[in-house]
Structures are given as C-alpha cells and as structure tokens.
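[1] predicted model, plus sequence, below.
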Amino acid sequence: MRWALVKVALAVTAMVVIAFAVPLGLVIREMAGDRAFSDAERQAAMIGPTLSITTDREELTRAVLSTEAGDRGRLAVHVPAEDGPLDIGTRRATATDVETVRKAGRASVSEVAGGFALLQPTALGTGDIAVVEVFVAEREVSHGVATAWLMLAGVGVALVVGSVAVADRLGVRMVQPAQRLAGAARDLGEGRLGTRVPEEGPTELRSAAAAFNSMADQVVQLLANERELAADLSHRLRTPLTVLRLNAASLGESPAAEQTRAAVQQLEHEVDTIIRTAREQRPQTQGGQAGAGCDASEVIRERMGFWSALAEDEGREVRLAGVDRTVRIPVARPELAAALDALLGNVFRHTPEGTAFSVDVHHSGDAVIVLVSDAGPGIPDPEAALARGGSGRDGASGAVGSTGLGLDIVRRVAESTGGDLRIGRSVLGGAEVRIWIGLNGGRPERGRRGHGRRVARRAGRQRRGEPRAAAGPGPGH
C-alpha cells in the first residue's frame, strides 16, 4: 500500500508538472520573441522622423548611425528613387521581401542568415514608402528561454520529490496501523489471546482496530465461559462418584475390592484436577506466563508408575528411555498429565492384552520430542485420527466408549508451544505418536525436527535391551 501511494503521487504530480510546465515554457519562449521584435520596432521608429523630413543620403546615414541598431550594423533604410533604390546601412533582406512590404504597406518579418529581419514601412514626405530594416539575431529571440526551462524543470523536480515524500509519510501513517492489525490477527490466530491493537491511524483503521480489540475480548470471554462450563460439568460427577465410593467401601476386604476402591479414589482425584485446571488456567497471552511449565521427565515417570499395575496385569512389556534427567517444557503439569493419560488409555483400549509399547523422550535443543510406540495393529488412517473426534468414529480405529478427543487433547498441548503432533509407523510394528513440544514458542526447522526424531528413535532402539521399566503412555489412536 505504501509504495502504491508513492507511485500514484509520482504519476499524478508528473502529469500536473507536464501539463503546466510545458505550456508555460512555450509562453516564455513567445514572450522572449515578442520582446526582441518590440525592441526592433522601437529602433525602426527612431528613424521615422528623419525620413519624413529628408531623403538625403548623408542625412539619413547620420540618422542611421545615431541609433543603437545602426551603430551595431543592424539597421538599414531602403528609399525608392528615380535612378534606383537608395539603400543605407547593412542590408540582409532580399529585394523581393522589401518590395512586397513597400507595396503591402504593413510590417513583416523575414528569415535571414543568423536570425530575422523586421521590415517596417514608413511614409516619406514625397508620398512614397520607404522600408526600414532591423536585424534581430536568433539568440535574442530565444534569450532567457533556456534559463526559464531549467527553472521550470527544477520546480517540477522539487514538486515531484515533495509529493513523493508527503505520499510516503501518508503511506507510513496508513501502512503501519494496518501491519499492526495484521500482526495482531496472526498472533490471535496462534493462540496469544492477550494481543490488542492500538487504535491509531486513519478513521477506518481506528474503527478496524476497535472492532478487533472487541472481538479479542469476546474470544477471551467465550473461552472463560467454556472453561467454567467444563468445570461445572465435571462437578456434576461428584454425586455419582460419592455413591460409587460408598458402594466400594461395602465390598469388604479382597484384592478386587482394594483395586476398585483405589480406582474410585483415583477417579475422584482426576475429577478434582479437571475442575481445578479448568478454573485456574487462563488463556495464553503474549509471551506466555513467567514460570509456567513442568519437568516432563518427572510427569512421565509419575504417570508411568500409575499405569504400571494395569500393564502388569495385562502382561504388557514396557520400555522407557530418556527420562533420567530434568527436561523443562512450557506446558502446565495437569495438561501434560492429561495428554499422557489420553495416550495411555488409547494403548490399553485399542491394542490387545500383552502388546508391548515404549516411551522415548529426547531433548533436541529447541524442542522436546516424546515418541510413544506400540506393537499393536497401528492406525489405518492417521489423518482421520488427527481430526477432532476422528479416532472415535466407527471403523477400524473406533471403539466402544471412545470419544475420539484423546489425540485432540494431545495435539492442542503440542500446538500451544509451537509444536505439532504426528502419527506414523513405529519400529515395533504398530503405531507411533510423536509429540513435538517447542521450547521457544516457535516452530523448529524441518531439518532439525527430522534429526531429532531419528535421534530419539535410535535412542529408543538402544534402550530396548535395558531392564524393564515402569509402564508408560502408549500412542494416541
């Protein structure tokens, strides 16, 4: 837009300059010529009184030489006589031109070598017509025209430069608010809901900025209402959970009863976590919140420990690698735990008992990669599974009781950091879910992503010979 305004200003100003400068230059040229010929007419008029009194050669010669033009050899007098025309001074016009002026009785201008000759008829005392010739040099006709053209050109250039400078400033005044509005829209689309636009610039852009800020406020309010609704819906589970806990308490003492009571207790804990997370979490703002995040290794070890009992009961072999050191990620602990539990639930729900799976964690410098692999049947259509609700549809990957939102939860966790979620074929023969968690808020380079995935896979293969570890989250299906 900025350069478009500059181009328009340049074109319009150039047309205006040409429209005025060219005619003005032509007028100046005409004025210079008129000035030169007016001076020549004045010189010719100075010899008129003498011609009206006498036609004597000596008298006329003295009169001619007394004038400025005659002294410079530019004035001549042509007097008719019985014995032939009397020519006094330097003659340049042809005899034909002189005779034509004498017969016509009006002044005329003839082209001669080096300029022009003004032929002015003058009446003599005898009734005849004499012709006074005044030479006008060509340089006098165009005297001052070149300077005037240069001045007009300079004024035109100054006008063009000035208009371009003004258009550039106006363009900046319009473009900068538009660029800020576009950048804010991009940030809002990436999830930074604290983005707002200064209401500056032209009236239209100020109105657009105000509308954008109002829309962003509405989005934040809608998200807050959605979280409150999620918390309220989760709170409704407390009543049936209380009944379930009371019933589990009356089951007596047995391993099955203990497992049931432990499961109910864990379910109550998870509901409390959902309610607390929904009400405490705030929309992501510019730059994120200081101090937000968790130790991915610690959370993975904790969730692996929780699921280990079920893995033992179903005879699943589990491998864990890369969690022997602290790995800080910009994801809240409850969100990462929910994502891991979603993947774990998918492993146990969609693979047969006894199916092995593994969890590999790799730190690539600008991101943390979590690879969850299994030896199950895999995912026939990864793209459909990544679509919200896709994994819960009827089909090869569907299952009774599946909402299809597990992978969507994991995907949103990854994308909130600038990362992504991908599904592929694991080295175990089944599905592999790769969670890419960005550490700097931006998407890493493709080359480094591929490098990190190869390193993580290689590390997982190297660790498969290690002693058996606690069960961990399986791939999202």
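    Structure's in. What do you need?

[2] list the contacts of stretch 250-262.
    With contacts defined as CB atoms under 8 Å, 6 or more residues apart in numbering, stretch 250-262 is touched by 245, 248-249. In this view, the C-beta of every residue, glycine as well, is placed from N, C-alpha and C.

[3] could those go into CSV alongside secondary structure, neighbour count and pLDDT?
    Listed next are the contacts of stretch 250-262 as CSV, based on DSSP: H, G, I helix; E, B strand; the rest coil; neighbours: other CB atoms under 10 Å; pLDDT from 0 to 100:
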residue, secondary structure, neighbour count, pLDDT
245, helix, 15, 74
248, helix, 17, 77
249, helix, 12, 77
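
[4] name the nearest of these relative to residue 148.
    residue 245 (103.0 Å; CB to CB).

[5] can you tell me which residues contact the closest one?
    261, 264-265, 268.

[6] please redo it, this time with the cut-off set to 7 Å
    For residue 245, the contact set (CB atoms under 7 Å, 6 or more residues apart in numbering) comprises residue 264.

[7] next one: it from residue 73, what distance?
    131 Å (CB to CB, to the nearest Å).

[8] assign a three-state SS to residue 88, would you?
    Under DSSP: H, G, I helix; E, B strand; the rest coil, residue 88 falls in the strand class.

[9] oh, and call the first residue 297 from now on, that's how I've got it
    From this message on, residue numbering opens at 297, which makes the last subject residue 384.

[10] give me the beta-bridge partners of it?
    Judged by DSSP bridges, the bridge partners of residue 384 are residue 373.

[11] can you tell me the centre-most residue of this structure?
    Compute the mean C-alpha point of the chain, and by CA atoms, centre = their mean the closest residue is residue 475, 6.3 Å away.

[12] separation between that residue and residue 493?
    Taking CB to CB, one finds residue 475 at 10 Å from residue 493.

[13] now swap in residue 718 and tell me
    For residue 718 relative to residue 493 (CB to CB), the value is 34 Å.

[14] just checking, what packs against the helix or strand encompassing residue 668?
    According to DSSP states H and E, residue 668 maps onto strand 663-670. Strand 663-670 is packed against strand 653-659, strand 727-734, helix 742-759, with contacts defined by 3 or more CB pairs under 7 Å, 6 or more residues apart in numbering; DSSP states H and E.

[15] quick check: residue 383 touching residue 371?
    No: under the criterion of CB atoms under 7 Å, residue 383 is not in contact with residue 371, lying 11.8 Å apart.

[16] between those two, who's got more neighbours?
    It is residue 371, of residue 383 and residue 371, that has more neighbours when counted by other CB atoms under 10 Å, with 26 against 16.

[17] which non-adjacent residue is nearest that one?
    Leaving out its chain neighbours, the residue that sits closest to residue 371 by CB to CB, 6 or more residues apart in numbering is residue 365, at 3.9 Å.

[18] cool, and residue 545?
    residue 557 (6.9 Å).

[19] can you name the next helix or strand after the one helix or strand the one you found maps to?
    In this structure, residue 557 is located in helix 551-576 according to DSSP H and E. Per DSSP H and E, helix 551-576 leads on to strand 590-591 as the next helix or strand towards the C-terminus.

[20] distance from the next helix or strand after that next one to the middle of the chain?
    The helix or strand immediately downstream of strand 590-591 is helix 592-610, counting by DSSP H and E. Computed by CA atoms, centre = their mean, to the nearest Å, the separation of helix 592-610 from the middle of its chain amounts to 48 Å.

[21] now swap in stretch 704-719 and tell me
    Per CA atoms, centre = their mean, the centroid offset for stretch 704-719 relative to its chain is 27 Å.

[22] buried set for that stretch?
    Judged by neighbour count (16 or more other CB atoms under 10 Å), stretch 704-719 contains these buried residues: 704-707, 709-719.

[23] hang on, the earlier thing: what's the angle from the helix holding residue 557 to helix 592-610?
    For helix 551-576 against helix 592-610, the angle by axes from the mean of the first three to the mean of the last three CA atoms, to 10 degrees is 150 degrees.

[24] what's the model's confidence in helix 551-576, averaged?
    Averaging pLDDT along helix 551-576 yields 75.

[25] likewise for stretch 736-745?
    50.

[26] check stretch 623-642 too.
    On average, stretch 623-642 scores 84.

[27] ok, now stretch 404-414?
    pLDDT averaged over stretch 404-414 gives 85.

[28] over to stretch 360-369?
    According to the model, stretch 360-369 has a mean pLDDT of 80.

[29] name the SS class of the residue nearest to residue 371, please.
    helix.

[30] so what's it up against?
    Residue 365 touches 339, 371, 430, counting by CB under 7 Å, 6+ apart.

[31] what sits against the second one?
    Listed by CB under 7 Å, 6+ apart, the contact set of residue 371 reads 339, 360, 363, 365, 385, 429-430.

[32] which residues does residue 508 contact?
    Contacts of residue 508 (CB under 7 Å, 6+ apart): 477, 480-481, 493.

[33] name the element it belongs to?
    Per DSSP H and E: helix 499-531 holds residue 508.

[34] flag every buried residue along that helix.
    501, 504-505, 508-509, 512, 516, 523, 527, 530.

[35] mind putting those in a markdown table, distance to residue 657 included?
    Listed next are these as a markdown table, based on distance: CB to CB, whole Å:
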| residue | distance to residue 657 |
| --- | --- |
| 501 | 47 |
| 504 | 45 |
| 505 | 44 |
| 508 | 40 |
| 509 | 41 |
| 512 | 36 |
| 516 | 33 |
| 523 | 29 |
| 527 | 31 |
| 530 | 29 |
